[in-house]
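A.B. asks: I would like the atomic coordinates for the input below:
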Amino acid sequence: MRVRPTFALCAATFLAGGILSAGAAEIAPDEVVFKDDIEVMDSLTGQPGDPANGREVFADRKLGNCLACHANSDMSELPFHGDVGPVIDGVASRYEPSQLRAIVVNSKNVFGPETIMPSFYRLENGARPMEEFQGKTILSAQQVEDVVAYLTTLSD
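C.D. replies: Okay, here's the model as predicted:
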């Protein structure tokens, strides 16, 4: 039987993609390494974040819901900006990407256990989470990377 070149090329591309994807393993929430408690140097996925998707996650009230606490002039078209947390404008001028990643991953580790900011990539969040959320992160590793990529676009 003769294999058509287009099929062979597609199969090879698919297999190579699978191998590359398998090599870029996601860091599990309990394996994230903090440097000096304020930085997470390594990407959680080995993939770059998507700032456009990060903007959506930031604003989505069922995902990050960051806008509930942080005012953000980049999202002036959206209602109900919170003022519990600091204004997010210019955040990339105040923090390095590794520091932003640490804050999003586990804000309690960076700011202390009394901060009301949730830790978005941690298995334990809050005193009494609903059963369906126990042992789960708020955001996926890629969503964290996307939010960090978005935040790095917000400089003075």
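A.B. asks: show me where pLDDT drops low in this structure?
C.D. replies: 1-24, 125-130 (pLDDT under 70).
A.B. asks: what is the burial count for the residue lying closest to N72 once chain neighbours are set aside?
C.D. replies: Distances taken as CB to CB, 6 or more residues apart in numbering put I88 closest to N72, at 4.5 Å, once the chain neighbours are dropped. C-betas here are computed from N, CA, C, even on glycine. By other CB atoms under 10 Å, 22 other residues sit near I88.
A.B. asks: tell me which element I88 is part of?
C.D. replies: Using DSSP states H and E, I88 sits within no helix or strand.
A.B. asks: list the contacts of it.
C.D. replies: Listed by CB atoms under 8 Å, 6 or more residues apart in numbering, the contact set of I88 reads C66, H70, A71, N72, L151, L154.
A.B. asks: one more: A52?
C.D. replies: Counted by CB under 8 Å, 6+ apart, A52 has contacts Y150.
A.B. asks: what does stretch 39-50 rub up against?
C.D. replies: 23-27, 32-35, 96, 98-99, 101-102, 105, 121, 141-142, 144-150.
A.B. asks: list buried residues within the residues you listed.
C.D. replies: Taking 16 or more other CB atoms under 10 Å as the criterion, what is buried in the contacts of stretch 39-50 is 27, 32, 34, 98-99, 101-102, 105, 121, 141-142, 144-150.
A.B. asks: endpoint to endpoint, stretch 44-56 covers what distance?
C.D. replies: By CA to CA, to the nearest Å, the extent of stretch 44-56 from end to end equals 19 Å.
A.B. asks: of all the residues in it, which ones are buried?
C.D. replies: Result for stretch 44-56 [16+ other CB under 10 Å]: buried residues L44, T45, G49, D50, P51, N53, G54, R55, E56.
A.B. asks: on that earlier part again, any chance of the contacts of I88 in JSON lines, plus secondary structure and distance to M117?
C.D. replies: Converted to JSON lines, those look like this (DSSP: H, G, I helix; E, B strand; the rest coil; distance: CB to CB, whole Å):
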{"residue": "C66", "secondary structure": "helix", "distance to M117": "9"}
{"residue": "H70", "secondary structure": "coil", "distance to M117": "9"}
{"residue": "A71", "secondary structure": "coil", "distance to M117": "15"}
{"residue": "N72", "secondary structure": "coil", "distance to M117": "15"}
{"residue": "L151", "secondary structure": "helix", "distance to M117": "13"}
{"residue": "L154", "secondary structure": "coil", "distance to M117": "17"}
